[in-house]
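S.K.: A structural model of the following input is requested.
(3 chains)
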Amino acid sequence: MDKVRIEEQIKELGRVDCRRMLGKDFLLTWEKSDDEISATFLVAEILRGMRECNISSRIFDSGLGISIFRDNSTRTRFSFASACNMLGLEVQDLDEGKSQIAHGETVRETANMVSFMADVIGIRDDMYIGKGNTYMREVARAVEEGHRDGVLEQRPTLVNLQCDIDHPTQAMADMLHLINHFGGIENLQGRKIAMSWAYSPSYGKPLSVPQGVIGLMTRFGMDVVLAHPKGYELMPEVEDVARRNAENGGGSYTRVNSMEEAFDGADIVYPKSWASFAAMEKRTELYGNGDFDGIKKLEKELLAENAKHKAWECTEELMQTTRDGRALYLHCLPADITGVSCKQGEVAASVFDRYRVPLYKQASFKPYIIAAMILLSKVANPGETLRTLVAAARPRRP
Amino acid sequence: MDKVRIEEQIKELGRVDCRRMLGKDFLLTWEKSDDEISATFLVAEILRGMRECNISSRIFDSGLGISIFRDNSTRTRFSFASACNMLGLEVQDLDEGKSQIAHGETVRETANMVSFMADVIGIRDDMYIGKGNTYMREVARAVEEGHRDGVLEQRPTLVNLQCDIDHPTQAMADMLHLINHFGGIENLQGRKIAMSWAYSPSYGKPLSVPQGVIGLMTRFGMDVVLAHPKGYELMPEVEDVARRNAENGGGSYTRVNSMEEAFDGADIVYPKSWASFAAMEKRTELYGNGDFDGIKKLEKELLAENAKHKAWECTEELMQTTRDGRALYLHCLPADITGVSCKQGEVAASVFDRYRVPLYKQASFKPYIIAAMILLSKVANPGETLRTLVAAARPRRP
Amino acid sequence: MDKVRIEEQIKELGRVDCRRMLGKDFLLTWEKSDDEISATFLVAEILRGMRECNISSRIFDSGLGISIFRDNSTRTRFSFASACNMLGLEVQDLDEGKSQIAHGETVRETANMVSFMADVIGIRDDMYIGKGNTYMREVARAVEEGHRDGVLEQRPTLVNLQCDIDHPTQAMADMLHLINHFGGIENLQGRKIAMSWAYSPSYGKPLSVPQGVIGLMTRFGMDVVLAHPKGYELMPEVEDVARRNAENGGGSYTRVNSMEEAFDGADIVYPKSWASFAAMEKRTELYGNGDFDGIKKLEKELLAENAKHKAWECTEELMQTTRDGRALYLHCLPADITGVSCKQGEVAASVFDRYRVPLYKQASFKPYIIAAMILLSKVANPGETLRTLVAAARPRRP
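M.R.: Numbers count the residues shown, from 1 in each chain, chains lettered A, B, ... in the order given. From the prediction side, this is the model:
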């Protein structure tokens, strides 16, 4: 990318309305307007361009980015750290094993105690249905009040790094990858994307990836097809979002119970395992009751149910049925690869291998997406700020 | 806060003598002169003002702040990280589980090995009577020698983040809260503060909070009343400090065995559980002998003893007896709240709830206090340094 | 050190050819030319001088340094963090317990996922013969491909923080200590260094320290004598390197089976325990087969074998036999000190104590060595870059 392209994108940014993003959290993509989504893509691309041109994007002289991971994570952790570093923030991890965060007033207290100097808080909490997003909103309310009451000098911006409902940094990175792959957001119109369940020998993978995909990709005129075996339904309210998006955006949203049907003629395929919504709700209930024997029993049942659907695998044969046999294969990684990471999994080794480089590129957009979400929440006039940085052209590295 | 107020405070700073703080550690408040304590409050307030005016307080281009926590801690950890970040230092945690620090020559060696680029070392070691402060002085001696011998390019400043004797960053933050609440240090004269033991179902909370409070608050003309059941005495040498302070400063120090007496007409109340000094000494001895059965037995005895004093609770009725029924309630957090975090605890839920915002504000001063301690140890002419930063007015955030 | 001396060293740097270091990893000292080794020492010394003159050496505005430690480490961890901080990079640790790195494609994937913003990756992997260096090269290949394929904006430089074959940051720091001690690299010619095995009650210490020493110190005209009991041989290919170095550099490499013979008339002694190469190969095989009973059995055998050689201790008597009884004692720390850290160990307490300050100085060179390795890989014209930094003389600290 060169400076001319960056300047064009900054001009484009001036034409979209992102004023309401100032001071706002990024929790669900469907809480953002089309302009706001576009602004996020544009800023992510500008930041990427600046980095490639060795132009510093530090907008902070100092400050902290707090990460709260309630589930292990290497990729998201490093993406968040990268985004913070790019903007000049230092990451501090809140280790919950040590700090024992809970809900209610304890959340309010801890949220304030760690935020005295926090400009951003990134949270990943995807383990239990009905819990993750709720927890994020509790933290958001706490820091909002803390700031209003003069406890916090600044109001930290929350970024949802994956919850029970949505995975906005993933879905947005996925879509920016599509935009780059197909040469522009306008070229996504009419493309068919198959968001399909796939078999995995493991249990209880979050619903937030497929939900994030159908909740976002239905907005820009794509034909989104969700495929899964019966019993692996997503949250109904997210499907409602997808239907509404499709109506407004000129695309479509369909649900089928066959991987073959979804893949047929698709431009993009996203085969991935997830747990059934109903089972996850049951698990949350058992967990709430502290019924760990019940959880173990449920796990066994779910693995047995999963095993009935081993045929849901992204094979070479299936890939042949996509448009020109060359659909773009997506995955949030790590994938369960047949014969490699497990005996039988989500995808055939030869398919995965052929798409390895595009898959890594897909992931590489996430730090820029997170940085864009932060920047748009922190800067009143992002175009102006970015133009000034580009003009100053302070080198990032020697 | 505005720039005019900041400039006034910088002028005030010029009138106090803090020259001897250069290159010195901050281990016990009573090792510092009244001027040095005042300078710390002033610099903390100036740094807070600068942050509110979005003026960078980075005095370091690069450098490390090492934190050594020998006990879990979220609040102090984040306060230290915030203070370091504000000044331009990057935090590196020394994880003792991994590094197995011990006493003696091992302390000397490890202290040097982690300090080649360390400008500050913050230590929390409050678990055993006679150990924490001793350990800090061992580390201080080690880095002093290391610097003298040419091993360390710089002599890192030590900040006591809580030991067995004092908790200077807490007591100083508490007092800065009082200064702000009552509108100036001069308005603390003649105020009655009740530092009172309170019942908690947990065991062995450190003595350093009440000790820090009586060791500091007796200096500025306050009437400090310490209240606790018999057997919960503090370290005699710290009480001596409190008595001496009171004599020199025109205030008073009294000890009573009734929460009612302490609260009566008080301007400020600080009800909080702690372990008895004698029991903690016994525990240290058992620990030294590796007698873990003895420790368990002792724990049972102490909990039984504690349970005799459940009436020591900060209730609405007691609060009514304070000055105008409106004393300022303090706590270092987290508190044991009756019916919330435990069945019966240190404070009634309605009292705690009413003071939630002031409590959070109290905590919010700690990062600035720590940063002030560091700055005053690192800068020969703090007034000049701060004036230059304010004049430059480099923005901290966009 | 003063600015005049720094400028002289920068001039000297201009006379050595280090152009090929740009973009290259630092994995084995013997993959670098004599000029490149000299350049690394020079840059380390220049960086140390700059720090002493309070001149910032930040060459990065932002960026990440990733550390991957597959074995616990305090010293190396802090040295790497210090080096990164000195240059303006923020450290992010990859915790393998959480991220479960393995070999093969998983290495490729994880290496890319953590490197989107990584300028440097420091790896310590010294546990198994045939694994550590191989793993580093797998990571190197992965990020090389990632950069070529447009996945990574930059190609992170790898620094070997200890592998199964070499410990370049240790050996280079050791040698820079010698250069400083003897007043110049030219004064090392003809010096006798005894790299000797010594008894330790622990088991399986890595071979990479003695291998690093014989692989590096044979290059500059020193007489390197390796001493160990039969059965504690080093990797033959590293001995070949030592022999070749000695031939080319005018020094010598000898192997003896007596500590006495090695110490006799030595200028420098480096007594240190290590495991036998054959045993470590066996352990790697057992580990590969998941034979943990076999590993336990092997461990017992090795400890029994070790115990036969308790006489291999660096005593006062042995030190008396060195040149003028005053050889410089080296150790990579921590040492097993007789009567201090163990009943019987590598070195007598009185010997160790006498050399404590020089030992700490020896260790203090490591952060500068690591920073030099990074800088030389990142900067096209290091002399020019350093000259500009020195001229700008931006203060590092207040």
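S.K.: need the residues of chain A near chain B, please.
M.R.: Selection of chain A residues close to chain B by CB under 8 Å from any CB of the partner chain yields A:59-64, A:66, A:90, A:92, A:94, A:98-99, A:105-106, A:108-110, A:112-114, A:116-117, A:119, A:146, A:149-154, A:378-379, A:385. C-beta coordinates here come from the backbone N, C-alpha and C atoms, glycine included.
S.K.: my guess is residue A:222 contacts residue A:188, does it?
M.R.: Yes. Applying CB atoms under 8 Å as the test, residue A:222 and residue A:188 come out as touching, 5.4 Å apart.
S.K.: who's more crowded, those two?
M.R.: Taking other CB atoms under 10 Å in any protein chain shown, residue A:222 and residue A:188 do not tie; residue A:222 has more neighbours (26 against 22).
S.K.: pLDDT at that one, what is it?
M.R.: pLDDT for residue A:222: 96.
S.K.: try residue A:96
M.R.: At residue A:96, the pLDDT value in this model is 65.
S.K.: of the residues of chain A next to chain B, grab the buried ones for ChimeraX.
M.R.: With 16 or more other CB atoms under 10 Å in any protein chain shown as the criterion, this ChimeraX line picks the buried residues out of the residues of chain A next to chain B:
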select /A:59,60,61,62,63,64,66,90,92,94,99,105,106,108,109,110,112,113,114,116,117,119,146,151,152,153,154,378,379,385
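S.K.: which of the residues of chain A next to chain B fall within strands?
M.R.: A:64, A:66, A:90, A:92, A:94, A:119 (DSSP state E).
S.K.: what does the stretch 251-398 of chain A have sitting close to chain C?
M.R.: So the stretch 251-398 of chain A meets chain C at A:333-334, A:340-341, A:356-357, A:360-361, A:363-364, A:366-367, A:394-398 (CB under 8 Å from any CB).
S.K.: select only the buried ones of the residues you listed in ChimeraX?
M.R.: Here is the ChimeraX command that selects the buried residues among those (16+ other CB under 10 Å):
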select /A:340,341,356,357,360,361,363,364,366,367,396,397,398
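S.K.: tell me the SS of residue A:158?
M.R.: Here residue A:158 is strand, with the state taken from DSSP: H, G, I helix; E, B strand; the rest coil.
S.K.: which ones are touching it?
M.R.: Contact analysis of residue A:158 by CB atoms under 8 Å, 6 or more residues apart in numbering or on different chains lists A:25, A:26, A:27, A:120, A:121, A:122, A:123, A:136, A:139, A:140, A:143.
S.K.: ok, the closest residue to it other than its chain neighbours to residue A:378 distance?
M.R.: Counting by CB to CB, 6 or more residues apart in numbering or on different chains, residue A:25 is the residue found nearest to residue A:158 once chain neighbours are left out, at 3.9 Å. Distance of residue A:25 to residue A:378, given as CB to CB, to the nearest Å: 12 Å.
S.K.: once you drop chain neighbours, what's closest to residue A:28?
M.R.: Excluding the flanking residues, the one nearest residue A:28 by CB to CB, 6+ apart is residue A:166, at 4.7 Å.
S.K.: ugh, wrong one, residue A:370
M.R.: The shortest distance from residue A:370 to any non-neighbouring residue, by CB to CB, 6+ apart, is to residue A:83 (3.7 Å).
S.K.: helix or strand: which one has the one you found?
M.R.: Assigned by DSSP states H and E, residue A:83 belongs to helix A:75-87.
S.K.: buried residues in that helix?
M.R.: Counting neighbours by 16+ other CB under 10 Å, helix A:75-87 gives A:75-87 as buried.
S.K.: so which of the residues you listed is the closest to chain C?
M.R.: Proximity of these to chain C was ranked by CB to the nearest CB; the top entry is residue A:82 with 3.7 Å.
S.K.: where's that closest one relative to chain B, distance?
M.R.: 16 Å (CB to the nearest CB, to the nearest Å).
S.K.: so that residue sits right up against residue C:119, yeah?
M.R.: No. In this structure, residue A:82 is not within contact of residue C:119 by CB under 8 Å, at 11.2 Å.
S.K.: what's the one helix or strand residue A:255 maps to in contact with?
M.R.: Per DSSP H and E: residue A:255 is located in strand A:252-256. Residues from elsewhere that reach strand A:252-256 (CB under 8 Å, 6+ apart): A:214, A:218, A:223-227, A:239, A:242-243, A:245-246, A:262.
S.K.: distance of the residue in the stretch 151-300 of chain A positioned nearest to chain B from residue A:116?
M.R.: Proximity to chain B, evaluated over the stretch 151-300 of chain A using CB to the nearest CB, is greatest for residue A:151 at 4.2 Å. Separation of residue A:151 from residue A:116 (CB to CB): 8 Å.
S.K.: what touches both of these two?
M.R.: Both residue A:151 and residue A:116 are in contact with residue B:364, where contact means CB under 8 Å, 6+ apart.
S.K.: in chain A, which helix is the longest?
M.R.: In chain A, taking DSSP state H as the definition, the longest helix is helix A:34-52.
S.K.: can you give me the buried ones in that helix?
M.R.: Neighbour-count burial for helix A:34-52, counted by 16+ other CB under 10 Å, picks out A:36-51.
S.K.: where's residue A:133, which helix or strand?
M.R.: helix A:132-148.
S.K.: where are the low-confidence patches of the stretch 1-150 of chain A?
M.R.: Applying pLDDT under 70 to the stretch 1-150 of chain A picks out residues A:96-105.
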